[in-house]
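S.K.: please work out how this folds:
(chains A and B)
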Amino acid sequence: MNIAVKPDMKSARDAAYALPLAELNPAQGILFQTDTMWPYFERLRKEDPVHYTADSEFGPYWSITKYNDIMAVDTNHQVFSSDFTYGGITIGGGQANFEPLPMFIAMDPPRHDIQRKVVTPVVSPANLQVLGPIIRERAGKILDDLPIGEPFDWVDKVSIELTTMTLATLFDFPFADRRKLTYWSDVVTAVPGHGLIDTFEQKMAVFQEYHAYFTNLWNERVNATETKGDLISMLAHNPATRDMSPREYFGNVVLLTVGGNDTTRNTITGSVLALNQNPDQYQKLRENPSLIPSMVSETIRWQTPLAHMRRTATQDFEFQGKQIKKGDKVVMWYVSGNRDDEVIERPNDYIVDRENPRRHISFGFGIHRCVGNRLAELQLQIIWEEIFKRFPVIEQVAEPKRTYSTFVKGYEHLHVVIPKRV
Amino acid sequence: MPKIKYIEHNGKEHEIEVPEGWSVMEGAVKNMLPGIDADCGGACACATCHVYVDDPAFAAKIPPKTDMEETMLDFAPEVQPTSRLSCQIKVTKELDGLVVRMPESQH
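M.R.: Sure, this is the predicted structure:
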(Lines give C-alpha, C1' and ligand atoms only; values in the text may rest on other atoms or scores of the structure.)
Protein backbone atom coordinates (compact mmCIF):
# COMPACT_ATOMS: atom_id res chain seq x y z
CA MET A 1 0.00 0.00 0.00
CA ASN A 2 1.32 3.38 -0.92
CA ILE A 3 0.75 5.48 2.16
CA ALA A 4 2.85 8.46 1.19
CA VAL A 5 -0.06 10.10 -0.58
CA LYS A 6 -1.72 13.38 0.08
CA PRO A 7 -4.37 12.90 2.78
CA ASP A 8 -7.94 12.78 1.50
CA MET A 9 -9.53 15.08 4.05
CA LYS A 10 -12.94 15.21 2.39
CA SER A 11 -13.51 11.43 2.68
CA ALA A 12 -12.01 11.45 6.18
CA ARG A 13 -14.44 14.15 7.27
CA ASP A 14 -17.40 12.34 5.73
CA ALA A 15 -16.37 9.13 7.49
CA ALA A 16 -15.85 10.82 10.85
CA TYR A 17 -19.25 12.54 10.74
CA ALA A 18 -21.16 9.52 9.39
CA LEU A 19 -20.36 7.33 12.39
CA PRO A 20 -22.67 7.13 15.40
CA LEU A 21 -20.94 9.20 18.08
CA ALA A 22 -20.59 6.21 20.41
CA GLU A 23 -18.51 4.41 17.80
CA LEU A 24 -16.01 7.22 17.32
CA ASN A 25 -12.56 5.80 17.99
CA PRO A 26 -9.68 8.14 17.21
CA ALA A 27 -7.05 5.71 18.53
CA GLN A 28 -6.25 4.07 15.20
CA GLY A 29 -2.70 4.06 13.88
CA ILE A 30 -3.95 4.21 10.31
CA LEU A 31 -5.67 7.57 10.91
CA PHE A 32 -2.39 9.05 12.08
CA GLN A 33 -0.39 7.45 9.30
CA THR A 34 -2.72 8.98 6.72
CA ASP A 35 -3.03 12.27 8.67
CA THR A 36 -6.82 11.92 8.63
CA MET A 37 -7.52 11.92 12.39
CA TRP A 38 -8.29 15.66 12.41
CA PRO A 39 -12.05 15.51 11.68
CA TYR A 40 -12.52 12.86 14.39
CA PHE A 41 -11.09 15.23 16.97
CA GLU A 42 -12.88 18.22 15.49
CA ARG A 43 -16.18 16.40 15.93
CA LEU A 44 -15.35 15.24 19.45
CA ARG A 45 -14.35 18.75 20.57
CA LYS A 46 -17.70 20.03 19.33
CA GLU A 47 -20.08 17.21 20.20
CA ASP A 48 -18.54 15.12 22.96
CA PRO A 49 -15.29 16.59 24.32
CA VAL A 50 -14.96 13.98 27.07
CA HIS A 51 -15.72 10.87 25.07
CA TYR A 52 -15.96 7.20 25.94
CA THR A 53 -14.97 4.60 23.37
CA ALA A 54 -16.18 1.23 24.59
CA ASP A 55 -14.39 -0.89 22.04
CA SER A 56 -11.00 -0.43 20.43
CA GLU A 57 -7.83 -2.41 19.85
CA PHE A 58 -6.66 -0.89 23.14
CA GLY A 59 -9.85 -1.77 25.00
CA PRO A 60 -12.22 0.84 26.42
CA TYR A 61 -10.85 4.34 27.02
CA TRP A 62 -11.82 7.97 27.55
CA SER A 63 -10.71 10.70 25.14
CA ILE A 64 -10.05 14.17 26.55
CA THR A 65 -9.99 16.48 23.55
CA LYS A 66 -10.21 20.11 24.72
CA TYR A 67 -7.25 22.20 25.85
CA ASN A 68 -8.52 23.22 29.28
CA ASP A 69 -9.86 19.75 30.07
CA ILE A 70 -6.49 18.25 29.20
CA MET A 71 -4.79 20.75 31.48
CA ALA A 72 -7.23 19.84 34.28
CA VAL A 73 -6.47 16.13 33.93
CA ASP A 74 -2.74 16.68 33.49
CA THR A 75 -2.50 18.71 36.71
CA ASN A 76 -4.64 16.35 38.79
CA HIS A 77 -2.10 13.60 39.33
CA GLN A 78 -3.87 12.43 42.49
CA VAL A 79 -6.91 11.29 40.52
CA PHE A 80 -5.22 10.59 37.20
CA SER A 81 -2.21 8.36 37.80
CA SER A 82 0.74 7.81 35.48
CA ASP A 83 1.96 4.77 37.34
CA PHE A 84 3.38 1.94 35.26
CA THR A 85 1.62 -0.62 37.45
CA TYR A 86 -1.70 0.70 36.10
CA GLY A 87 -0.45 0.78 32.52
CA GLY A 88 1.71 3.91 32.44
CA ILE A 89 1.47 6.79 30.01
CA THR A 90 0.47 5.34 26.64
CA ILE A 91 -2.84 3.97 25.47
CA GLY A 92 -1.36 0.53 24.82
CA GLY A 93 0.28 0.13 28.21
CA GLY A 94 -1.05 -2.81 30.21
CA GLN A 95 -2.34 -4.67 27.15
CA ALA A 96 -1.21 -8.19 26.38
CA ASN A 97 2.47 -8.12 25.33
CA PHE A 98 2.93 -4.62 26.69
CA GLU A 99 3.87 -4.49 30.34
CA PRO A 100 5.21 -0.97 30.88
CA LEU A 101 8.69 -0.59 32.30
CA PRO A 102 9.24 1.38 35.49
CA MET A 103 10.49 4.86 34.51
CA PHE A 104 9.92 8.18 36.20
CA ILE A 105 7.43 9.53 33.66
CA ALA A 106 5.30 6.48 34.51
CA MET A 107 5.38 7.01 38.27
CA ASP A 108 3.49 9.17 40.72
CA PRO A 109 4.97 11.25 43.55
CA PRO A 110 7.07 10.83 45.58
CA ARG A 111 9.09 8.31 43.55
CA HIS A 112 8.62 10.32 40.35
CA ASP A 113 9.85 13.54 41.92
CA ILE A 114 13.01 11.99 43.34
CA GLN A 115 14.07 10.33 40.09
CA ARG A 116 13.16 13.26 37.87
CA LYS A 117 15.36 15.56 39.94
CA VAL A 118 18.34 13.26 39.44
CA VAL A 119 18.40 13.85 35.68
CA THR A 120 17.11 17.44 35.52
CA PRO A 121 20.61 19.03 35.77
CA VAL A 122 21.45 17.72 32.29
CA VAL A 123 19.06 20.33 30.86
CA SER A 124 19.84 23.12 33.36
CA PRO A 125 20.38 26.65 31.99
CA ALA A 126 24.12 26.24 32.64
CA ASN A 127 24.31 22.97 30.73
CA LEU A 128 22.31 24.36 27.81
CA GLN A 129 24.94 27.11 27.53
CA VAL A 130 27.56 24.41 27.14
CA LEU A 131 25.48 22.39 24.68
CA GLY A 132 24.50 25.32 22.45
CA PRO A 133 27.87 25.82 20.70
CA ILE A 134 28.34 22.05 20.30
CA ILE A 135 24.93 21.69 18.64
CA ARG A 136 25.64 24.70 16.43
CA GLU A 137 28.92 23.33 15.17
CA ARG A 138 27.33 19.96 14.40
CA ALA A 139 24.32 21.57 12.72
CA GLY A 140 26.64 23.58 10.48
CA LYS A 141 28.60 20.50 9.47
CA ILE A 142 25.44 18.48 8.77
CA LEU A 143 24.05 21.25 6.56
CA ASP A 144 27.36 21.83 4.75
CA ASP A 145 27.44 18.17 3.75
CA LEU A 146 23.96 18.15 2.18
CA PRO A 147 23.67 17.67 -1.57
CA ILE A 148 22.58 20.63 -3.70
CA GLY A 149 20.09 20.17 -6.52
CA GLU A 150 19.27 16.52 -5.85
CA PRO A 151 16.58 14.91 -3.69
CA PHE A 152 17.46 13.45 -0.31
CA ASP A 153 15.66 12.35 2.84
CA TRP A 154 15.62 15.23 5.33
CA VAL A 155 14.61 12.86 8.15
CA ASP A 156 17.71 10.72 7.78
CA LYS A 157 20.29 13.33 6.86
CA VAL A 158 19.28 16.16 9.19
CA SER A 159 16.55 15.45 11.76
CA ILE A 160 17.91 12.11 12.94
CA GLU A 161 21.53 13.08 12.61
CA LEU A 162 21.34 16.21 14.76
CA THR A 163 19.06 14.86 17.50
CA THR A 164 20.93 11.56 17.78
CA MET A 165 24.23 13.39 18.17
CA THR A 166 22.74 15.47 20.98
CA LEU A 167 21.34 12.39 22.67
CA ALA A 168 24.69 10.59 22.38
CA THR A 169 26.32 13.55 24.11
CA LEU A 170 23.77 13.53 26.95
CA PHE A 171 24.42 9.83 27.58
CA ASP A 172 28.14 10.11 26.72
CA PHE A 173 27.28 7.22 24.41
CA PRO A 174 29.98 5.82 22.08
CA PHE A 175 29.65 8.28 19.22
CA ALA A 176 30.28 5.88 16.34
CA ASP A 177 27.42 3.69 17.59
CA ARG A 178 24.96 6.56 17.97
CA ARG A 179 22.52 5.35 15.30
CA LYS A 180 21.82 2.41 17.58
CA LEU A 181 20.04 4.95 19.80
CA THR A 182 17.81 5.97 16.91
CA TYR A 183 17.07 2.37 16.05
CA TRP A 184 16.31 1.36 19.62
CA SER A 185 14.11 4.39 20.17
CA ASP A 186 12.15 3.56 17.03
CA VAL A 187 11.78 -0.08 18.07
CA VAL A 188 10.43 0.97 21.48
CA THR A 189 7.57 2.89 19.88
CA ALA A 190 7.10 0.69 16.81
CA VAL A 191 3.86 -1.20 16.32
CA PRO A 192 4.76 -4.77 15.23
CA GLY A 193 3.72 -5.43 11.66
CA HIS A 194 3.95 -1.78 10.61
CA GLY A 195 7.40 -1.25 9.23
CA LEU A 196 10.40 -1.54 11.49
CA ILE A 197 9.61 -4.85 13.21
CA ASP A 198 7.26 -7.70 12.42
CA THR A 199 6.60 -9.42 15.73
CA PHE A 200 6.56 -8.85 19.46
CA GLU A 201 9.30 -11.50 19.86
CA GLN A 202 11.52 -9.56 17.51
CA LYS A 203 10.91 -6.44 19.57
CA MET A 204 11.93 -8.27 22.74
CA ALA A 205 15.13 -9.50 21.11
CA VAL A 206 16.09 -5.92 20.24
CA PHE A 207 15.24 -4.85 23.80
CA GLN A 208 17.71 -7.42 25.10
CA GLU A 209 20.50 -6.10 22.95
CA TYR A 210 19.59 -2.51 23.95
CA HIS A 211 19.50 -3.41 27.66
CA ALA A 212 22.80 -5.29 27.49
CA TYR A 213 24.55 -2.37 25.81
CA PHE A 214 23.36 0.06 28.48
CA THR A 215 24.22 -2.39 31.27
CA ASN A 216 27.82 -2.29 30.07
CA LEU A 217 27.76 1.50 30.10
CA TRP A 218 26.34 1.49 33.64
CA ASN A 219 29.05 -0.87 34.84
CA GLU A 220 31.73 1.26 33.23
CA ARG A 221 30.37 4.49 34.78
CA VAL A 222 29.48 3.14 38.23
CA ASN A 223 33.04 1.96 38.72
CA ALA A 224 34.68 5.10 37.34
CA THR A 225 36.68 7.02 39.91
CA GLU A 226 35.73 10.33 38.34
CA THR A 227 32.00 11.11 38.09
CA LYS A 228 31.05 12.72 34.80
CA GLY A 229 27.99 14.80 34.02
CA ASP A 230 26.28 12.40 31.62
CA LEU A 231 22.87 10.89 32.30
CA ILE A 232 24.15 7.38 32.99
CA SER A 233 26.73 8.63 35.50
CA MET A 234 24.07 10.78 37.15
CA LEU A 235 21.83 7.74 37.63
CA ALA A 236 24.70 5.47 38.66
CA HIS A 237 26.10 7.81 41.31
CA ASN A 238 23.09 9.56 42.79
CA PRO A 239 22.05 7.97 46.12
CA ALA A 240 18.42 8.20 44.98
CA THR A 241 18.96 6.01 41.90
CA ARG A 242 22.22 4.08 42.23
CA ASP A 243 20.50 1.08 43.88
CA MET A 244 17.56 0.82 41.51
CA SER A 245 16.85 -2.49 39.84
CA PRO A 246 18.27 -3.25 36.38
CA ARG A 247 14.71 -3.12 35.05
CA GLU A 248 14.13 0.32 36.49
CA TYR A 249 17.46 1.59 35.15
CA PHE A 250 16.52 0.25 31.73
CA GLY A 251 13.08 1.86 31.98
CA ASN A 252 14.62 5.24 32.62
CA VAL A 253 17.10 4.74 29.78
CA VAL A 254 14.17 4.00 27.46
CA LEU A 255 12.38 7.15 28.66
CA LEU A 256 15.41 9.35 28.10
CA THR A 257 16.14 7.78 24.72
CA VAL A 258 12.64 8.19 23.34
CA GLY A 259 12.01 11.53 25.06
CA GLY A 260 15.22 13.00 23.73
CA ASN A 261 15.01 11.55 20.28
CA ASP A 262 11.97 11.26 18.08
CA THR A 263 10.13 14.24 19.59
CA THR A 264 12.68 16.81 18.48
CA ARG A 265 13.46 14.82 15.34
CA ASN A 266 9.86 14.89 14.16
CA THR A 267 9.46 18.56 15.00
CA ILE A 268 12.53 19.42 12.91
CA THR A 269 11.00 17.51 10.01
CA GLY A 270 7.63 19.10 10.75
CA SER A 271 9.15 22.58 10.50
CA VAL A 272 10.30 21.95 6.92
CA LEU A 273 6.90 20.52 6.03
CA ALA A 274 4.89 23.32 7.68
CA LEU A 275 6.93 26.03 5.96
CA ASN A 276 6.49 24.31 2.59
CA GLN A 277 2.75 24.05 3.10
CA ASN A 278 2.64 27.73 4.08
CA PRO A 279 4.92 29.58 1.66
CA ASP A 280 3.75 33.00 2.91
CA GLN A 281 4.96 32.07 6.39
CA TYR A 282 8.25 30.76 4.97
CA GLN A 283 8.73 34.07 3.21
CA LYS A 284 7.90 36.01 6.39
CA LEU A 285 10.47 33.99 8.34
CA ARG A 286 13.12 34.36 5.63
CA GLU A 287 12.66 38.12 5.69
CA ASN A 288 12.75 38.22 9.47
CA PRO A 289 14.80 35.42 11.04
CA SER A 290 14.31 36.99 14.48
CA LEU A 291 10.95 35.21 14.33
CA ILE A 292 12.72 31.84 14.61
CA PRO A 293 11.99 31.34 18.35
CA SER A 294 8.33 32.11 17.72
CA MET A 295 8.28 29.81 14.68
CA VAL A 296 9.83 27.05 16.80
CA SER A 297 7.05 27.24 19.40
CA GLU A 298 4.43 27.41 16.66
CA THR A 299 5.91 24.32 15.03
CA ILE A 300 5.93 22.42 18.33
CA ARG A 301 2.20 23.21 18.61
CA TRP A 302 1.42 22.48 14.97
CA GLN A 303 3.36 19.22 14.98
CA THR A 304 2.48 17.97 18.49
CA PRO A 305 5.16 15.27 18.27
CA LEU A 306 3.52 13.15 20.95
CA ALA A 307 -0.15 12.84 20.07
CA HIS A 308 -1.28 11.76 23.50
CA MET A 309 -0.44 10.92 27.08
CA ARG A 310 -2.50 8.43 29.03
CA ARG A 311 -3.54 8.32 32.68
CA THR A 312 -5.51 5.82 34.79
CA ALA A 313 -8.23 6.97 37.18
CA THR A 314 -7.42 6.07 40.80
CA GLN A 315 -11.02 6.67 41.93
CA ASP A 316 -14.50 7.26 40.56
CA PHE A 317 -14.52 10.85 39.37
CA GLU A 318 -17.10 13.07 37.74
CA PHE A 319 -15.53 15.12 35.01
CA GLN A 320 -17.43 17.52 32.72
CA GLY A 321 -20.63 15.67 33.46
CA LYS A 322 -19.19 12.24 32.69
CA GLN A 323 -18.69 9.46 35.21
CA ILE A 324 -15.13 8.22 35.00
CA LYS A 325 -14.72 5.01 36.98
CA LYS A 326 -11.77 3.89 39.06
CA GLY A 327 -9.37 1.99 36.79
CA ASP A 328 -10.58 3.65 33.57
CA LYS A 329 -8.02 4.55 30.95
CA VAL A 330 -8.00 8.29 30.22
CA VAL A 331 -6.26 9.57 27.09
CA MET A 332 -5.33 13.24 26.86
CA TRP A 333 -5.13 14.00 23.15
CA TYR A 334 -2.56 16.80 23.02
CA VAL A 335 -2.91 16.73 19.24
CA SER A 336 -6.54 17.79 19.67
CA GLY A 337 -5.99 20.28 22.50
CA ASN A 338 -3.56 22.15 20.28
CA ARG A 339 -6.36 22.69 17.74
CA ASP A 340 -8.96 23.90 20.24
CA ASP A 341 -10.29 27.22 18.95
CA GLU A 342 -11.59 28.21 22.37
CA VAL A 343 -8.00 28.70 23.50
CA ILE A 344 -6.00 29.08 20.31
CA GLU A 345 -7.09 31.50 17.64
CA ARG A 346 -7.20 30.04 14.10
CA PRO A 347 -5.70 26.82 15.45
CA ASN A 348 -5.49 25.06 12.09
CA ASP A 349 -3.37 27.84 10.63
CA TYR A 350 0.40 27.83 10.91
CA ILE A 351 1.41 31.36 11.89
CA VAL A 352 5.10 32.00 12.57
CA ASP A 353 4.43 35.31 14.31
CA ARG A 354 1.43 34.15 16.32
CA GLU A 355 0.60 36.40 19.27
CA ASN A 356 0.97 33.73 21.94
CA PRO A 357 3.11 31.01 20.38
CA ARG A 358 4.15 29.40 23.67
CA ARG A 359 0.56 28.72 24.56
CA HIS A 360 0.48 25.11 23.41
CA ILE A 361 0.04 21.82 25.17
CA SER A 362 2.72 19.73 23.43
CA PHE A 363 4.98 19.66 26.52
CA GLY A 364 2.11 18.74 28.84
CA PHE A 365 1.41 20.52 32.11
CA GLY A 366 1.86 19.69 35.77
CA ILE A 367 4.51 17.48 37.32
CA HIS A 368 5.20 15.47 34.16
CA ARG A 369 5.75 18.50 31.93
CA CYS A 370 8.52 17.79 29.45
CA VAL A 371 11.87 18.09 31.20
CA GLY A 372 13.79 18.62 27.95
CA ASN A 373 11.57 21.36 26.51
CA ARG A 374 14.29 24.02 26.37
CA LEU A 375 16.80 21.66 24.82
CA ALA A 376 14.26 20.77 22.15
CA GLU A 377 13.66 24.45 21.39
CA LEU A 378 17.38 25.14 21.37
CA GLN A 379 18.05 22.47 18.74
CA LEU A 380 15.26 23.75 16.53
CA GLN A 381 16.37 27.36 16.85
CA ILE A 382 19.97 26.54 16.05
CA ILE A 383 19.21 24.39 13.03
CA TRP A 384 17.05 27.16 11.52
CA GLU A 385 19.58 29.89 12.24
CA GLU A 386 22.20 27.79 10.48
CA ILE A 387 19.83 26.89 7.61
CA PHE A 388 19.20 30.55 6.80
CA LYS A 389 22.95 31.23 6.68
CA ARG A 390 23.18 28.64 3.92
CA PHE A 391 19.95 27.90 2.08
CA PRO A 392 17.23 30.34 1.04
CA VAL A 393 14.86 27.47 0.25
CA ILE A 394 14.39 23.82 1.15
CA GLU A 395 11.77 22.37 -1.18
CA GLN A 396 9.59 19.44 -0.23
CA VAL A 397 9.40 17.21 -3.34
CA ALA A 398 7.09 14.41 -2.15
CA GLU A 399 4.47 13.68 0.47
CA PRO A 400 6.13 12.59 3.71
CA LYS A 401 5.75 9.04 4.94
CA ARG A 402 4.08 9.33 8.33
CA THR A 403 4.46 7.03 11.34
CA TYR A 404 1.85 4.38 12.05
CA SER A 405 1.25 5.28 15.69
CA THR A 406 -1.32 6.89 17.96
CA PHE A 407 1.53 8.05 20.20
CA VAL A 408 4.51 9.20 18.14
CA LYS A 409 3.24 11.71 15.61
CA GLY A 410 6.06 11.79 13.16
CA TYR A 411 7.66 11.02 9.83
CA GLU A 412 9.71 8.16 8.51
CA HIS A 413 10.80 10.07 5.41
CA LEU A 414 10.52 13.54 3.92
CA HIS A 415 12.18 14.03 0.57
CA VAL A 416 13.43 17.50 -0.24
CA VAL A 417 15.68 19.35 -2.64
CA ILE A 418 17.89 22.30 -1.84
CA PRO A 419 18.09 24.19 -5.14
CA LYS A 420 21.04 26.44 -4.23
CA ARG A 421 23.17 27.95 -1.53
CA VAL A 422 22.81 31.54 -0.32
CA MET B 1 -3.10 51.53 41.21
CA PRO B 2 -0.41 49.44 42.95
CA LYS B 3 3.06 49.77 41.46
CA ILE B 4 5.16 46.66 40.97
CA LYS B 5 8.84 46.76 40.14
CA TYR B 6 10.03 43.91 37.89
CA ILE B 7 13.79 43.41 37.63
CA GLU B 8 15.09 41.37 34.71
CA HIS B 9 17.99 38.99 35.28
CA ASN B 10 20.31 41.48 33.55
CA GLY B 11 19.34 44.17 36.09
CA LYS B 12 16.95 46.14 33.87
CA GLU B 13 14.08 47.51 35.95
CA HIS B 14 10.46 48.08 34.92
CA GLU B 15 8.05 49.88 37.22
CA ILE B 16 4.50 49.02 36.21
CA GLU B 17 1.11 49.99 37.55
CA VAL B 18 -0.89 46.80 37.84
CA PRO B 19 -4.64 46.80 38.54
CA GLU B 20 -5.78 45.13 41.74
CA GLY B 21 -7.05 41.63 41.04
CA TRP B 22 -4.54 40.87 38.32
CA SER B 23 -1.70 38.50 39.11
CA VAL B 24 1.90 39.70 39.16
CA MET B 25 2.39 37.43 36.12
CA GLU B 26 -0.41 39.19 34.21
CA GLY B 27 1.14 42.56 35.05
CA ALA B 28 4.29 41.43 33.25
CA VAL B 29 2.79 39.52 30.33
CA LYS B 30 0.11 42.09 29.47
CA ASN B 31 2.80 44.79 29.44
CA MET B 32 5.06 42.66 27.22
CA LEU B 33 7.88 42.51 29.76
CA PRO B 34 10.57 39.99 28.84
CA GLY B 35 11.61 37.31 31.32
CA ILE B 36 8.25 35.86 32.33
CA ASP B 37 6.78 33.30 29.92
CA ALA B 38 3.68 31.94 31.66
CA ASP B 39 3.22 29.12 29.16
CA CYS B 40 0.20 27.67 30.98
CA GLY B 41 -1.59 31.02 31.13
CA GLY B 42 -1.72 31.23 34.92
CA ALA B 43 -2.90 27.78 36.00
CA CYS B 44 0.07 26.97 38.27
CA ALA B 45 0.90 24.16 35.87
CA CYS B 46 4.27 24.98 34.30
CA ALA B 47 6.59 27.13 36.48
CA THR B 48 7.53 29.50 33.65
CA CYS B 49 6.55 32.62 35.60
CA HIS B 50 9.11 32.03 38.34
CA VAL B 51 10.21 35.16 40.28
CA TYR B 52 12.02 35.98 43.51
CA VAL B 53 10.30 38.05 46.21
CA ASP B 54 13.31 39.05 48.29
CA ASP B 55 11.75 41.53 50.75
CA PRO B 56 10.43 39.52 53.72
CA ALA B 57 7.94 42.27 54.58
CA PHE B 58 6.26 41.84 51.19
CA ALA B 59 6.65 38.06 51.21
CA ALA B 60 4.66 38.02 54.45
CA LYS B 61 1.76 39.83 52.75
CA ILE B 62 1.43 37.16 50.06
CA PRO B 63 -0.57 34.03 50.90
CA PRO B 64 1.65 30.98 51.37
CA LYS B 65 2.36 28.58 48.53
CA THR B 66 -0.21 25.91 47.78
CA ASP B 67 0.97 22.32 47.45
CA MET B 68 0.80 22.63 43.66
CA GLU B 69 2.96 25.79 43.65
CA GLU B 70 5.49 24.06 45.92
CA THR B 71 5.52 21.05 43.60
CA MET B 72 5.90 23.04 40.40
CA LEU B 73 8.71 25.15 41.93
CA ASP B 74 10.34 21.97 43.09
CA PHE B 75 11.14 21.15 39.45
CA ALA B 76 12.23 24.65 38.38
CA PRO B 77 15.91 25.51 38.05
CA GLU B 78 17.68 27.98 40.35
CA VAL B 79 15.01 27.91 42.99
CA GLN B 80 15.71 29.93 46.16
CA PRO B 81 13.80 30.21 49.42
CA THR B 82 12.27 33.44 48.06
CA SER B 83 11.02 31.80 44.83
CA ARG B 84 7.35 32.16 43.89
CA LEU B 85 5.21 31.60 40.82
CA SER B 86 4.04 35.05 39.86
CA CYS B 87 0.71 33.74 38.55
CA GLN B 88 -0.12 32.86 42.14
CA ILE B 89 0.49 36.37 43.53
CA LYS B 90 -2.66 38.43 43.31
CA VAL B 91 -2.06 42.18 43.26
CA THR B 92 -3.64 44.08 46.18
CA LYS B 93 -3.23 47.57 47.67
CA GLU B 94 -0.91 46.05 50.27
CA LEU B 95 1.47 44.97 47.53
CA ASP B 96 2.03 48.52 46.28
CA GLY B 97 5.82 48.84 45.92
CA LEU B 98 6.48 45.10 45.58
CA VAL B 99 9.76 44.23 43.89
CA VAL B 100 10.18 40.94 42.02
CA ARG B 101 13.39 39.68 40.43
CA MET B 102 13.39 37.29 37.48
CA PRO B 103 15.60 34.22 37.08
CA GLU B 104 18.03 33.77 34.18
CA SER B 105 15.51 31.73 32.21
CA GLN B 106 12.13 30.05 32.58
CA HIS B 107 11.94 26.27 32.21
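S.K.: would you mark the buried spots in stretch A:39-54?
M.R.: In terms of neighbour count (16 or more other CB atoms under 10 Å in any protein chain shown), stretch A:39-54 has its buried residues at A:39-45, A:48-51, A:53. For glycine as for every other residue, the C-beta is placed from the backbone atoms N, C-alpha and C.
S.K.: contacts for it?
M.R.: For stretch A:39-54, the external contacting residues (CB atoms under 8 Å, 6 or more residues apart in numbering or on different chains) are A:9, A:12-13, A:15-17, A:21-27, A:31, A:60-66, A:69, A:319-322, A:333, A:335-336, A:339-340.
S.K.: which of those count as buried?
M.R.: Buried subset of those (neighbour count, 16+ other CB under 10 Å): A:12-13, A:16, A:24-27, A:31, A:61-66, A:69, A:319, A:333, A:335-336, A:339-340.
S.K.: and the longest helix for chain B?
M.R.: Ranked by residue count under DSSP state H, the longest helix found in chain B is helix B:67-74.
S.K.: would you map the strands across chain A?
M.R.: A:50-53, A:61-64, A:80-81, A:152-153, A:308-313, A:317-319, A:322-324, A:329-333, A:395-396, A:401-402, A:411-413, A:415-417 (DSSP state E).
S.K.: save these as JSON lines, and put in mean pLDDT and distance to residue A:5 too.
M.R.: Converted to JSON lines, the strands of chain A look like this (pLDDT from 0 to 100; distance: least, CB to CB, whole Å):
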{"stretch": "strand A:50-53", "mean pLDDT": "98", "distance to residue A:5": "27"}
{"stretch": "strand A:61-64", "mean pLDDT": "98", "distance to residue A:5": "27"}
{"stretch": "strand A:80-81", "mean pLDDT": "98", "distance to residue A:5": "38"}
{"stretch": "strand A:152-153", "mean pLDDT": "98", "distance to residue A:5": "17"}
{"stretch": "strand A:308-313", "mean pLDDT": "98", "distance to residue A:5": "25"}
{"stretch": "strand A:317-319", "mean pLDDT": "98", "distance to residue A:5": "38"}
{"stretch": "strand A:322-324", "mean pLDDT": "98", "distance to residue A:5": "37"}
{"stretch": "strand A:329-333", "mean pLDDT": "98", "distance to residue A:5": "24"}
{"stretch": "strand A:395-396", "mean pLDDT": "98", "distance to residue A:5": "14"}
{"stretch": "strand A:401-402", "mean pLDDT": "97", "distance to residue A:5": "10"}
{"stretch": "strand A:411-413", "mean pLDDT": "97", "distance to residue A:5": "13"}
{"stretch": "strand A:415-417", "mean pLDDT": "98", "distance to residue A:5": "14"}
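S.K.: mind putting these into CSV with distance to residue B:74?
M.R.: Below are the strands of chain A laid out as CSV (distance: least, CB to CB, whole Å):
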stretch, distance to residue B:74
strand A:50-53, 30
strand A:61-64, 25
strand A:80-81, 19
strand A:152-153, 42
strand A:308-313, 20
strand A:317-319, 25
strand A:322-324, 28
strand A:329-333, 22
strand A:395-396, 43
strand A:401-402, 37
strand A:411-413, 36
strand A:415-417, 43
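S.K.: show me the contacts for the closest residue in space to residue A:236 that isn't next to it in sequence.
M.R.: Setting aside the residues directly before and after it, residue A:236 is nearest to residue A:222 in space (CB to CB, 6 or more residues apart in numbering or on different chains), at 4.1 Å. Under the criterion of CB under 8 Å, 6+ apart, the contact list for residue A:222 reads A:236-237, A:242.
S.K.: same question, residue A:90
M.R.: Per CB under 8 Å, 6+ apart, neighbours of residue A:90: A:100, A:308-310, A:407.
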